[in-house]
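Engineer: everything below, folded, please.
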Amino acid sequence: MAESLGGRNPALPRVRRLARDRAFRRREGTYLVEGPTLVGDALTAGLGVALVLVPAAAASSEVVAAAEDADVPCRLVDAALFDGLTTTRSPQPALAVVERHDVPVADLPASGVVVVLAELADPGNAGTLVRSAEAFGAAGVVFAGGVDPYNPKCVRATAGSLFRLPFAVIEGEDAVGQALERLEATGRQCWGSVAEGGVAPTGVPADRSVALLLGNEPHGLPEDILGRCDGLVSVATTGSGESLNVAVAGSVLLYALATR
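Structural biologist: Numbers count the residues shown, from 1 in each chain. Predicted coordinates for the structure are as follows:
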């Protein structure tokens, strides 16, 4: 049976910081998952779930039962305290502290498309692309600079795909360049996405493992990175509007590469 956690318990400030502090998440080696559905998905995926928290009123919930079945500690928290731990305006009645599970680039599957999120800034876009990558059979994802995959908003936007699709994280100076080097070392061709001027997705070799680079929302991929790519690919549009949002363009490209 789940035990109660008092307001002075040191675990609560740590949970609060996990939701808001990227550097703290890195040091602790854990991150926060919010909501009964995602907490249940994390338990089902067999991740290293260290702790589950639910408001006292949810003591009989399915999440509590799932945590107990998985032999994961589950604690009840006063409703007012629980609401202060979450990052959403309408808190969902479950939280989990989960161990980081990114892998080195070299450990990503050898075949298939790897998506490189090159300095993406918006966690919602990044999370949507992880979700699309899983939906269209990508081999994995590389977060090269930019958004933290363990940002709560990004985690929510992946709708559980972050728990099932292997991904790597490269941080620091020239993260995108490092991603290119490591992917090329595994034998992948690297293709940069551009708003116009690239080949159609059908022009990307289907008999080679490739990496698809998607650039930062306002600026796209830097010229020096484009110059190092094996080829450039674009989504042809017929309307007169501006270029597609990176999450939309990337999702279209992933579908096209999966069906070429």
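
Engineer: is it true that R208 touches Q189?
Structural biologist: Yes. Contact criterion CB atoms under 8 Å: R208 and Q189 qualify, at 5.2 Å. C-beta here means a position set from N, CA and C on the backbone, and glycine is covered the same way.

Engineer: which other helices and strands contact the lengthiest strand in the chain?
Structural biologist: The residue-count maximum for a strand in the chain (DSSP state E) belongs to strand 49-55. On a contact count with 3 or more CB pairs under 8 Å, 6 or more residues apart in numbering; DSSP states H and E, strand 49-55 meets helix 11-20, helix 36-44, helix 62-69, strand 74-77, helix 79-83, strand 95-99.

Engineer: quick check: closest non-adjacent residue to the residue most central in space within the chain.
Structural biologist: Central residue of the chain (CA atoms, centre = their mean): P149, 4.2 Å from the mean position. Distance criterion CB to CB, 6 or more residues apart in numbering; nearest residue to P149, sequence neighbours excluded, is F143 at 5.0 Å.

Engineer: surely that neighbour forms part of a helix?
Structural biologist: No. F143 is assigned strand when assessed by DSSP: H, G, I helix; E, B strand; the rest coil, not a helix.

Engineer: measure it to P205 for me?
Structural biologist: F143 sits 25 Å away from P205, going by CB to CB, to the nearest Å.

Engineer: repeat for V113
Structural biologist: Noted for V113: a distance of 11 Å to P205, by CB to CB.

Engineer: which residues touch the residue nearest to the centre of the chain?
Structural biologist: Residues near P149 by CB atoms under 8 Å, 6 or more residues apart in numbering: 102, 126, 130, 143, 155, 162, 167, 169.

Engineer: so which of the helices and strands packed on strand 49-55 is nearest A2?
Structural biologist: strand 74-77 (4.3 Å; CB to CB).
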